[in-house]
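Undergrad: Have a look at this fold, sequence not included:
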């Protein structure tokens, strides 16, 4: 019966050991020493002639590391001899050896052990005898807390029997026991080795090396999701994207970390603000860094390197240059307009008309002579400087040639002049210009003299929107009359060349009609034209000269002018000539 119970107990113990081998990791102490008090039963070999009997023992175990320890034991039983008439006996087992456990930090600690020792048998009627012994066994310790556990154990003790009723042979004694084990000389278990015992560790899976708080949870001071201690860049700005080492990434290399960078695809070399977006300090649409002219005035047109264009080389960049066609070398004010007005500009501002007398065309042609083109070029440059003005281009002739052709020819010549100006300055708005051919209907000098006829052969550029001129003149005068240095990013051309406008050759001044019977005197050289007297109206003429403030329908714009043609032979007779003056 006893042996049956023993077998059942051993089966349960073996199952417990196997289950314990898969037990979860403990929240216990990392003890160094086990002290065990045990009680059980000894099952003797038949050759020993001893009856199975209860036993008790004491065991002390010291661990060298997490898996290996040394153990010493003392086990004692007082069985009866078989037959009982022989009396009783005392069996004492002393042993020492190694103990192995696969997981000493678990709640259930399976182990195996083995060693050597001595068995002393003291029988009634026989002399006491001690014999060397070998032992081996297995078991498990089930923790009941941090300091106590329950131990189940089974081992076999083998020694050579002598001085007994049985044969002198090697016998095997089977010892089973259970008991209480105390855990000593250790520190609270810290499975993740973060310095906080498992018992109070709220974050038991902390990666090794991470810095933790008092509760055992890892710290992340810079909140980059890489724990302090593992973070190689501990001061990462909040919100930055980091690598596995905790160092911030900067994909576009602009010095602002990914995650904080609001413009993540900034080109290399561009200066950025605190949010990683390109800066354009001068507002020229070329970012700082690649911008080779970082102080370009606002509104200036620039090239791909951020440096301003200056088509007329006056030191004022295109885009803010009010007078974009200033002649080279002329000193300008802050708006890019000449400090000193040219004679034609002065004539336009003072008299609201530019008059070119003795204008020269190729005979019986619409083409200007080279001298005539040069004079028209000067006027065209003035028109380009004042693009907001609306003007009438009128061509007048003397009374020479066929009467029937004067008006039509002057009409075609007016158109040709305007088309020539457009070819020189395509930026001019064609809607701002009219052309009219007056023929010889509005003479300002006597056609009886060469001087008078030269005065009558003229081109007049007559202003039609005086208010626009007045406003623009006031605006330009407000920009100052002091020459300014070139804008940042432009070479110092204007100041290196001249600080004053060179006096251009003035156009031939118009002459004032002479009194009857006198020869008109030419105007002094380099003097602005005197105020223009009202053009006399022929008494019998059906045409009247347009006044500056009069309103007339706009003629066909130059870009849709029909081809010129010769006047028909059936043209109505021209008006009678003006009375001689």
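TA: Cool, the structure landed. Computed from a prediction, not measured in an experiment: that's the story for all the values here.

Undergrad: Tell me how many other residues crowd the nearest residue to residue 219 once chain neighbours are set aside.
TA: Nearest non-adjacent residue to residue 219, counting by C-beta to C-beta, 6 or more residues apart in numbering: residue 228, 4.4 Å away. Quick note: C-beta positions are derived from backbone N, CA and C, even for glycine. By the criterion of other C-beta atoms under 10 Å, residue 228 has 17 neighbours.

Undergrad: Could I get the contacting residues of residue 228?
TA: Each residue near residue 228 by C-beta atoms under 8 Å, 6 or more residues apart in numbering is listed here: 210-211, 218-221, 234.

Undergrad: For the residues you listed, name the two members farthest from one another.
TA: Of all pairs drawn from the contacts of residue 228, the one with the longest distance (C-beta to C-beta) is 218 and 234, at 13.1 Å.

Undergrad: more crowded one of the two?
TA: residue 218 (20 against 16).

Undergrad: hey, what's the more buried one bridged with?
TA: Beta-bridge partners for residue 218, by DSSP bridges, are residue 212.

Undergrad: how far away is it from residue 446?
TA: 109 Å (C-beta to C-beta, to the nearest Å).

Undergrad: and what of residue 247?
TA: Counting by C-beta to C-beta - residue 247 and residue 446 are separated by 96 Å.

Undergrad: next one: residue 227
TA: Plainly put, residue 227 is 107 Å away from residue 446 if you go by C-beta to C-beta.

Undergrad: The two: which has the busier surroundings?
TA: More crowded of residue 227 and residue 446, by other C-beta under 10 Å: residue 446, with 23 against 19.

Undergrad: which residue packs closest to the more buried one, ignoring adjacent ones?
TA: In space, residue 446 is closest to residue 452, 3.5 Å off (C-beta to C-beta, 6+ apart).

Undergrad: helix/strand/coil for that neighbour?
TA: Of the three states, residue 452 takes helix under DSSP: H, G, I helix; E, B strand; the rest coil.

Undergrad: Counting neighbours, what do you get for it?
TA: Residue 452: 21 neighbours (other C-beta under 10 Å).

Undergrad: Looks like it contacts residue 440 (just checking).
TA: No: taking C-beta atoms under 8 Å as the definition, residue 452 is not a contact partner of residue 440, at 11.4 Å.

Undergrad: Can you work out which residues contact both of those two?
TA: Common neighbours of residue 452 and residue 440 (C-beta under 8 Å, 6+ apart) are residue 398.

Undergrad: For this protein, which segments count as helices?
TA: 2-20, 343-351, 370-385, 403-424, 450-456, 466-478, 493-497 (DSSP state H).

Undergrad: Save those helices as CSV, and put in distance to residue 140 too.
TA: Listed next are the helices of the chain as CSV, based on distance: least, C-beta to C-beta, whole Å:
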stretch, distance to residue 140
helix 2-20, 5
helix 343-351, 113
helix 370-385, 106
helix 403-424, 109
helix 450-456, 133
helix 466-478, 103
helix 493-497, 100
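
Undergrad: of all the ones you listed, which lies closest to residue 185?
TA: Closest approach to residue 185 among these is made by helix 2-20 (23.0 Å; C-beta to C-beta).

Undergrad: as a whole number, average confidence for that closest one?
TA: Across helix 2-20, pLDDT averages out at 52.

Undergrad: could we number from 6 for the rest of this?
TA: All right, first residue 6 from here; so that's helix 7-25.

Undergrad: quick revisit: so for residue 175, which of the helices of the chain sits nearest?
TA: helix 7-25 (20.7 Å).

Undergrad: picking up where we left off before, tell me the spacing between the residue nearest to residue 451 and residue 189.
TA: From residue 457 across to residue 189, the span is 138 Å (C-beta to C-beta).

Undergrad: from memory residue 124 sits against residue 134, does it?
TA: No: the pair residue 124 and residue 134 fails to qualify as a contact (C-beta under 8 Å) at a distance of 9.1 Å.

Undergrad: Counting neighbours, go ahead and name the busier of the two.
TA: A count of neighbours by other C-beta under 10 Å puts residue 124 above the other of residue 124 and residue 134, at 24 against 15.

Undergrad: who's in contact with that one?
TA: So residue 124 contacts 96-99, 135-136, 138, 162, 164, 178 (C-beta under 8 Å, 6+ apart).

Undergrad: how does it look with 7 Å?
TA: Contact partners of residue 124, counting by C-beta atoms under 7 Å, 6 or more residues apart in numbering, are 96, 98, 136, 138, 162, 164.

Undergrad: And the pLDDT at it?
TA: pLDDT for residue 124: 95.

Undergrad: so what's the closest residue to residue 77 other than its chain neighbours up against?
TA: Leaving aside its chain neighbours, residue 77 sits nearest to residue 101 (4.6 Å; criterion: C-beta to C-beta, 6+ apart). Residues near residue 101 by C-beta under 7 Å, 6+ apart: 76-77, 120-122.

Undergrad: Just the buried ones from those residues, in PyMOL syntax?
TA: Of the contacts of residue 101, the buried ones go into a single PyMOL selection, burial set by 16 or more other C-beta atoms under 10 Å:
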select buried, resi 76+120+122
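
Undergrad: now, which of the contacts of residue 101 sits nearest residue 38?
TA: residue 76 (10.4 Å).

Undergrad: Run through the bridge partners of that closest one.
TA: When assigned by DSSP bridges, residue 76 has beta-bridge partners residue 66, residue 102.

Undergrad: pretty sure residue 291 is in contact with residue 307, am I right?
TA: Yes: when contacts are counted by C-beta atoms under 7 Å, residue 291 is listed as touching residue 307 (5.9 Å).

Undergrad: any idea how far residue 45 is from residue 132?
TA: 28 Å.

Undergrad: Comparing those two, which shows the higher neighbour count?
TA: Legend: neighbour count by other C-beta under 10 Å for residue 45 and residue 132, higher for residue 45 (21 against 9).

Undergrad: Surely the more buried one and residue 180 touch.
TA: Yes: in this structure, residue 45 is within contact of residue 180 by C-beta under 7 Å, at 6.5 Å.

Undergrad: which residues do the two both contact?
TA: Taking C-beta under 7 Å, 6+ apart as the contact rule, the neighbours common to residue 45 and residue 180 are residue 60.

Undergrad: for the top strand by length along the chain, the distance to its chain's centre please.
TA: Counting residues, the longest strand in the chain under DSSP state E turns out to be strand 175-193. A distance of 69 Å separates the centroid of the chain from that of strand 175-193, by C-alpha atoms, centre = their mean, to the nearest Å.

Undergrad: hmm, back to that, and which of the contacts of residue 124 is nearest to residue 416?
TA: Residue 416 lies nearest to residue 162 out of the contacts of residue 124, by C-beta to C-beta, at 141.3 Å.

Undergrad: Look up which residues are beta-bridged to the closest one.
TA: With DSSP bridges applied, residue 162 shows beta-bridge pairing to residue 140, residue 178.

Undergrad: any idea how far it is from residue 242?
TA: Residue 162 is 70 Å from residue 242, by C-beta to C-beta.

Undergrad: Equivalent analysis for residue 188, please.
TA: Look at residue 188 and residue 242: by C-beta to C-beta, they are 48 Å apart.

Undergrad: More neighbours: these two, which one.
TA: More crowded of residue 188 and residue 242, by other C-beta under 10 Å: residue 188, with 21 against 13.
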